[in-house]
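[1] Got a predicted structure here, sequence first:
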Amino acid sequence: MVSIRSTSDFVKLLQSEKELHVIHDLVDPNLELAEIQRRVVAKKGPALLFTNVKGTKFPVATNLYGSEKRIHLAFGPKPVQNIQRLAKLAKEIIPPRFSRLWKDRSLGLLPFQVGLKRIRGGEILQSDLGENTDALPKLVSWPEDGGPFVTLPLVYTQHPKLGSGNLGMYRVQLFGDRTVGMHIQIHRGGGFHYYEAEKEGQSLPAHVYVGGPPALTIAAVAPLPEEIPELVFASFLMGEKLRLTEKKSVSPYPIVSDADFAIIGKIPPKKRKPEGPFGDHYGYYSLLHDYPYLEISHVLHRKDAIWAATVVGRPPQEDHYIAEFLQDLLSPLFPLVMPQVLGVWAYEESGVHSLAAAIVKERYFREAFMGALRILGEGQLSLTKCLMVTNERINLKNFSETFKVIVERCDPRTDLFIFSNISQDTLDYTSGTVNKGSKMLFLGITEGEKEPKFPNLKKSFTESFKDSRFSQPVVFLPGVLVVKGTKFAVDDKLAKYLLNENLNGFHYVFLVDDSGDATKSDSDFIWTMFTRMEPASDVHSKTNVYKNHISFEPPVVFDCRMKPWIPKVLVPNSETSKSVDQKFQSMIDSLPGG
């Protein structure tokens, strides 16, 4: 497989494989480019190269990873094969520690060399734009975004004391005043590094890369065990050592030689700027908050630089394919770091962190509960808001199949758990606060018997509602009912009133704004139910307390209506939509689709 070291390399490969469409017409990076991208993604179309972007000399490439074929072209089959081989061999080594496997190359675990390689010079040092970002593409994706953002930023920092590195994807806002906003969340590696530096009153050096080897982008978002450095993982995906160069007058860190762009500077301690709003991957706006910022010292780029970008929004978007590839790639590793866990799948349709499911072992009473807690304590999986676990060997990617197994085996009185007053993903506003919320655990375990506990749940709803505020009942699965309610009002207690209706035979009832829209597909169900519900506030049932355990008597009602504190759903600008209709829709219609 030919090495792909830059966005230009990848674009040329995609073009040769007829997986790229080049747009030479003038395109406005303010909303117009993003609208074109969304429409092409919706029809499962090709990658796009915009060669004439208003306000910049740099071409912009989007939708680079928006299909299984393009992911395969970027990496080939070897990473998946070698992860599987690594996992298999690890089981034969006692103890199966990642640090040993990755540091001891003499074991011959990998058929190629993996690691970092220092070189002199490097393409990234070919041009230096100085301290400002004026020449860079200024992409604005949604009408109420707070300004232009770098949408595929690869942020590299090092622990100020230990020197260990982290490459993460934290959105970066271009302020235009020799600073950029750094949305480094405390739950993540870069946030930990900044916390340590700020505690000592020190600035934290940081690099914001754009482009370079596709492996760099994938490594930045991979939910890796802490023992595996992202740069080394990028090398693993590439099948060769990742090239670094040093220039102390530019940065104390080594610089990725093959990146297309590098915004370099320091994040000062105890200083903040308003950052956002931003239309994010949950499908809503994340709001304006004060965040750290980077004081820029250099903006570097290679001579053939292409600005790699994406557009996020209500799933599925381009990042859907990245999420699926990473989960398939890393799934063999989960049993190594979590021995009770046989498989995990996070549903990207929920924004990833709102919902996940797992297959766990149940060799003794409630071992599955231990496995669930292990998942909720592991890296980025710890951000999971709702977790469903079962010991049935099922296809976790199939949500309807998975949820049906859970519903038939989870007794809400004994198998449903809510953990309140804990941390929640920064971008999840369902609790009405930032970084605070709750979690929910469904245990859908077959305990000895082969048959499910509840095989005869209702498959149809024939009752009439006594309360006129309820309408349009839809049975999504046996035992799962979706009901339209009136618009949410604070203290309306509508979910509790729903419990007074005749809901016999349904264990889980979801109260929504539009039951038809919410049940069109698995994706619509996942997005509606799990991005608008916070377990501690929005789960209602007649309850009993037995030995300090809250027992939920079925039915359990989930209030999944929009609340005033949940940010707006992302909607394109109408004038931009009309403009794209006139200027580009015929071109978009002519593109091949999936």
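    That came through fine.
[2] so where's the protein shaky on pLDDT?
    Applying pLDDT under 70 to the chain flags the ranges 1-2, 85-113, 225-226, 449.
[3] Report all helices and strands that the lengthiest strand in it contacts.
    Determined from DSSP state E, the single longest strand within the chain is strand 549-559. In terms of contacts (3 or more C-beta pairs under 8 Å, 6 or more residues apart in numbering; DSSP states H and E), strand 549-559 is packed against helix 412-415, strand 416-423, helix 494-498, strand 508-512, helix 535-538, strand 539-546. For glycine as for every other residue, the C-beta is placed from the backbone atoms N, C-alpha and C.
[4] buried ones in stretch 61-80?
    61-67, 70-71, 73-75, 78-80 (16 or more other C-beta atoms under 10 Å).
[5] First-to-last residue distance for it?
    End-to-end distance for stretch 61-80: 26 Å, by C-alpha to C-alpha, to the nearest Å.
[6] Stretch 587-594 too?
    Stretch 587-594 has an end-to-end distance of 16 Å (C-alpha to C-alpha).
[7] who touches that stretch?
    Stretch 587-594 is contacted from outside by 21, 23, 36, 39-40, 43-46, 67, using C-beta atoms under 8 Å, 6 or more residues apart in numbering.
[8] roughly how far out does that stretch sit from the chain middle?
    27 Å (C-alpha atoms, centre = their mean, to the nearest Å).
[9] CSV for the helices and strands packed on strand 549-559, including distance to Arg5 and mean neighbour count?
    CSV is the format used below for those (distance: least, C-beta to C-beta, whole Å; neighbours: other C-beta atoms under 10 Å):
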stretch, distance to Arg5, mean neighbour count
helix 412-415, 51, 17
strand 416-423, 38, 15
helix 494-498, 54, 19
strand 508-512, 48, 26
helix 535-538, 45, 19
strand 539-546, 50, 15
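[10] what secondary structure does Gly163 sit in?
    coil (DSSP: H, G, I helix; E, B strand; the rest coil).
[11] Now do the same for Pro452: helix, strand or coil?
    coil.
[12] distance between stretch 150-168 and the chain's centre?
    On C-alpha atoms, centre = their mean, the centre of stretch 150-168 falls 18 Å from that of its chain.
[13] Also stretch 6-21?
    25 Å.
[14] Pull the residues that contact that stretch.
    Contacts for stretch 6-21 (C-beta under 8 Å, 6+ apart): 2-4, 22, 40, 45-49, 61, 64, 67, 69-70, 73-74, 123, 211-214, 258, 260, 302, 304-308, 591.
[15] Among those residues, which ones are in strands?
    Filtering the contacts of stretch 6-21 for strands - DSSP E - leaves 22, 47-49, 61, 307-308.
[16] In those, which residue is surrounded by the most others?
    Ala308 (29 neighbours; other C-beta atoms under 10 Å).
[17] show me what contacts it?
    7, 61-62, 64, 152, 210-211, 217, 260.
[18] Can you pick out the most distant pair from those residues?
    Greatest spatial distance in those: Thr62 and Asp260, 13.8 Å, computed using C-beta to C-beta.
[19] Can you give me the distance of the residue nearest to Ile418 when sequence neighbours are not counted to Ile218?
    Nearest residue to Ile418 in three dimensions, chain neighbours excluded: Pro535, at 4.8 Å (C-beta to C-beta, 6 or more residues apart in numbering). From Pro535 across to Ile218, the span is 32 Å (C-beta to C-beta, to the nearest Å).
[20] Over to Thr528?
    Thr528 is 29 Å from Ile218, by C-beta to C-beta.
[21] Show me which of those two is the more surrounded one.
    Shown here are Thr528 and Ile218; by other C-beta under 10 Å, Thr528 has more neighbours (26 against 23).
[22] thought that one was touching Val512?
    Yes: using C-beta atoms under 8 Å, Thr528 is in contact with Val512, at 5.9 Å.
[23] tell me, what's touching these two both at once?
    By C-beta under 8 Å, 6+ apart, the residues touching both Thr528 and Val512 are 518, 560.
[24] Leu326: what's it in contact with?
    218, 221-223.
[25] Which members of the residues you listed occur in helices, if any?
    218, 221 (DSSP state H).
[26] Ranking by neighbours, what's the top pick from the contacts of Leu326?
    Ala222 (25 neighbours).
[27] Is the closest residue in space to it that isn't next to it in sequence in a helix, a strand, or coil?
    Once flanking residues are discounted, Ala222 sits nearest to Leu326: 5.3 Å by C-beta to C-beta, 6+ apart. Secondary structure, three-state DSSP: Leu326 is helix.
[28] any idea how far Leu326 is from Glu19?
    The value you get for Leu326 to Glu19, if C-beta to C-beta is used, is 20 Å.
[29] Give the buried residues for the stretch of helix or strand Val299 belongs to.
    Assigned by DSSP states H and E, Val299 falls within strand 293-301. Buried residues in strand 293-301, counted by 16+ other C-beta under 10 Å: 293-294, 296-301.
[30] Please work out which residues outside it touch it.
    Residues outside strand 293-301 that contact it (C-beta under 8 Å, 6+ apart): 58, 124-133, 135-136, 172, 175, 178-182, 203, 206, 208, 250-251, 255, 260-268, 271-273, 275.
[31] now, which of the residues you listed lie within strands?
    Among these, the members falling in strands (DSSP E) are 127-128, 172, 179-182, 206, 208, 255, 261-267, 273, 275.
[32] Now list the buried members of those.
    Buried, going by 16+ other C-beta under 10 Å: 172, 179-182, 206, 208, 255, 261-267, 275, out of these.
[33] Find the pair from those residues with maximum spatial separation.
    Ile255 and Glu275 (25.2 Å).
[34] The strand or helix carrying Phe525 - contacts with which helices or strands?
    Here Phe525 sits within helix 522-530, counting by DSSP H and E. Packing partners of helix 522-530 (3+ C-beta pairs under 8 Å, 6+ apart): helix 399-409, strand 508-512, helix 515-518.
[35] and among these, the most buried is which?
    Highest mean neighbour count among the helices and strands packed on helix 522-530 (mean count of other C-beta atoms under 10 Å): strand 508-512, with a mean of 26.
[36] my guess is Val389 meets Leu443, correct?
    Yes: Val389 lies in contact with Leu443 (C-beta under 8 Å); the separation is 5.9 Å.
[37] who touches both of the two?
    Listed as contacting both Val389 and Leu443 by C-beta under 8 Å, 6+ apart are 368, 372.
[38] Could you give the number of residues near Lys547?
    5.
[39] again, but for Arg393
    Arg393 - counted by other C-beta under 10 Å - has 9 other residues nearby.
[40] Who are the contact partners of it?
    By C-beta under 8 Å, 6+ apart, the residues touching Arg393 are 342, 359.
[41] The nearest residue to Leu427 once chain neighbours are set aside and Leu174, how far apart?
    Residue nearest to Leu427 in three dimensions, not counting chain neighbours: Ser286, with 5.1 Å by C-beta to C-beta, 6+ apart. Remark: distance between Ser286 and Leu174 (C-beta to C-beta) = 17 Å.
[42] Equivalent analysis for Ile263, please.
    9 Å.
[43] So for these two, which residues contact both of them?
    Counting by C-beta under 8 Å, 6+ apart, the residues touching both Ile263 and Leu174 are 133, 150, 180.
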